[in-house]
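S.K.: Sharing a model prediction with you, sequence too.
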Amino acid sequence: MQPDTARAWAEQVISDETFVAIVGDDALTVSEVALDYIHAELWDEALELLALAPGDWPLSRYYAGWCLLLSGQEAEARQAFLAASALAPDRCFPNQLECVPALEAAQRLVPNDPRAPYYLGLFWYSRRRHEEAIACWEHAAALDPTFPTVQRNLGLAYVNVRGDLPAGLAAYQRAFSLNPTDARVFFELDQLRKRLNHPPEERLAALDSCPDLVEQRDDLCCERAALLNRLGRHTEALNLLLGRRFHPWEGGEGKVVGQYVLSLVQLAREALAREAYAEAIQLLERARRYPPNLGEGKLPITPENDILYELGRAYTGLGDHGRAGACWEQAARGAVEPVLALYYNDQPPELIFYRGLALRALGRNAEAAAIFERLVAYGTEQIDAPVQIDYFAVSLPDFLVFEMISSDATVFIAI
């Protein structure tokens, strides 16, 4: 297309009321078309089109500055870059290749702009050029140490890219101190403390110090219930779970109901220790039924070896050996070979242990011993084995904010 023809077409598009009505305030569409004009060196038309983008979208201003710079208007370009740096960074994620020269130009003309390197870091990280992203974010943090999101992103990158958990923790702590109302960062900070094996008492104290943030998120409430169970405060954990309406979330499958079952089974074991057998049976039967507020139904294949074994003990305490034997027969069924439980509906290897206990309770000692020996051998083999997550994995037992083993960082950035 000849330059004059291209210019005429561009002017027609900009003046076309139908085009403007359709595009409206869709900043991405406006910028895509404007970038085509920039490549065609139709500077004025590109600037007119970028002016249609919402005034609070930083990239449209950075692109306008780049266009002005390319057209030889350096002073005006500097003003456009300054205007872009003053805009809120919310909902701005650079994903176009042209953002690289535009943001690099902004850094040259306005070297004290902390947002340009921040945005450029988002682009590099999403393209798995992690070290360039870290360098950009460290530069942005040096220019503006009060911006919490860049600290959060640095924390994520230090852990997932460099494997430097202490540096990641320090960055996350800075991020949360800069914005102590961010429940998402608070959750990720707790997950990092979990990875660092901080004592459960410390983690629970941290969660209890911010009850409003915990209340905002199902995953934080679930973590709090897990910590209560870990510390033997099973009644508190059960009351927390029953007092909230949970909603399904990716990576959370089986976690809430798992804590619900755990709290009831542990309470049942306490009842068995007191010889309160009828109470134990009631608690164990409750563990087999999931209340609707947990937000997750029970799968038909859900293994219950532990519950059924404890039910057998409870019925034995009541002298009902027929029911006890029936429970142990059911508990003795299931998988024999232990395998790593990667997904929430996989049978955990520890449930095979209860299969062995049930067999022993039935007097089938040789079968029980074979199971226990298999578990010991499996544990010996796996104690130093790396955990490999399948590429097509879904519904993992944990939401992978942080990489478990791979040095290749997850592309997961919050803006």
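M.R.: Received it, and whenever you're ready, just let me know what you need.

S.K.: Can you show me the helices along the stretch 51-200 of the chain?
M.R.: With DSSP state H, counting those that start in this stretch, the ranges of helices along the stretch 51-200 of the chain come out as 58-70, 74-85, 99-109, 115-126, 130-143, 148-160, 165-178, 183-195, 200-208.

S.K.: what's the pLDDT at residue 22?
M.R.: You'll see residue 22 listed with a pLDDT of 65.

S.K.: which regions of the stretch 1-150 of the chain sit below the pLDDT cut-off?
M.R.: For the stretch 1-150 of the chain, the stretches flagged by pLDDT under 70 are 1-25.

S.K.: Only alpha carbons, please: show stretch 187-195 as CSV.
M.R.: Taking C-alpha atoms only, stretch 187-195 is exported to CSV below (Å, rounded to 0.1, in the frame of the first residue of the first chain):
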residue,chain,number,x,y,z
PHE,A,187,-1.8,-16.1,51.6
GLU,A,188,1.3,-16.4,49.5
LEU,A,189,3.5,-15.3,52.4
ASP,A,190,2.0,-18.0,54.5
GLN,A,191,2.6,-20.6,51.8
LEU,A,192,6.3,-19.5,51.7
ARG,A,193,6.5,-19.8,55.5
LYS,A,194,5.1,-23.3,55.0
ARG,A,195,7.8,-24.1,52.5
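
S.K.: So for it, mean pLDDT?
M.R.: On average, stretch 187-195 scores 96.

S.K.: from here on, count from 38
M.R.: In the new numbering, first residue 38, that becomes stretch 224-232.

S.K.: quick one: buried residues of that stretch?
M.R.: Residues 224, 225, 226, 227, 228, 229, 230, 231, 232 are the ones in stretch 224-232 that count as buried (16 or more other C-beta atoms under 10 Å). All C-beta atoms are positioned from the backbone trio N, CA, C, and that covers glycine.

S.K.: and which of these is nearest residue 130?
M.R.: residue 225 (18.2 Å; C-beta to C-beta).

S.K.: My read is that the closest one contacts residue 209, right?
M.R.: Yes: the criterion here is C-beta atoms under 8 Å, and residue 225 meets it with residue 209 at 6.6 Å.

S.K.: shared neighbours, the two?
M.R.: 189, 192 (C-beta atoms under 8 Å, 6 or more residues apart in numbering).

S.K.: Tell me how far residue 225 lies from residue 217.
M.R.: Distance from residue 225 to residue 217, counting by C-beta to C-beta, to the nearest Å: 14 Å.

S.K.: on that earlier part again, can you tell me which of the helices of the stretch 88-237 of the chain is nearest to residue 309?
M.R.: helix 237-245 (24.5 Å).

S.K.: Just the angle for that closest one relative to helix 220-232, thanks.
M.R.: Angle, helix 237-245 to helix 220-232, by axes from the mean of the first three to the mean of the last three C-alpha atoms, to 10 degrees: 180 degrees.

S.K.: Please state the mean pLDDT value computed over helix 237-245.
M.R.: The pLDDT scores in helix 237-245 average 98.

S.K.: And it, what does it pack against?
M.R.: Packing partners of helix 237-245 (3 or more C-beta pairs under 8 Å, 6 or more residues apart in numbering; DSSP states H and E): helix 220-232, helix 255-267.

S.K.: hmm, 6 Å instead?
M.R.: Judged by 3 or more C-beta pairs under 6 Å, 6 or more residues apart in numbering; DSSP states H and E, helix 237-245 is in contact with helix 255-267.

S.K.: What is the subsequent helix or strand relative to the helix it packs on?
M.R.: helix 271-279 (DSSP states H and E).

S.K.: I'd like to check what contacts that following helix. Which residues are they?
M.R.: With C-beta atoms under 6 Å, 6 or more residues apart in numbering as the test, helix 271-279 has contacts from 262, 265, 266, 297, 300, 303, 304.

S.K.: wait, what's in contact with residue 256?
M.R.: residue 224.

S.K.: quick one on the thing from earlier: let me know the closest of the buried residues of stretch 224-232 to residue 389.
M.R.: Within the buried residues of stretch 224-232, proximity to residue 389 (C-beta to C-beta) peaks at residue 231, which comes in at 25.9 Å.

S.K.: Dump the buried residues of stretch 224-232 to TSV, plus distance to residue 158.
M.R.: What follows is the buried residues of stretch 224-232, written out as TSV (distance: C-beta to C-beta, whole Å):
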residue	distance to residue 158
224	22
225	18
226	20
227	25
228	22
229	20
230	25
231	26
232	23
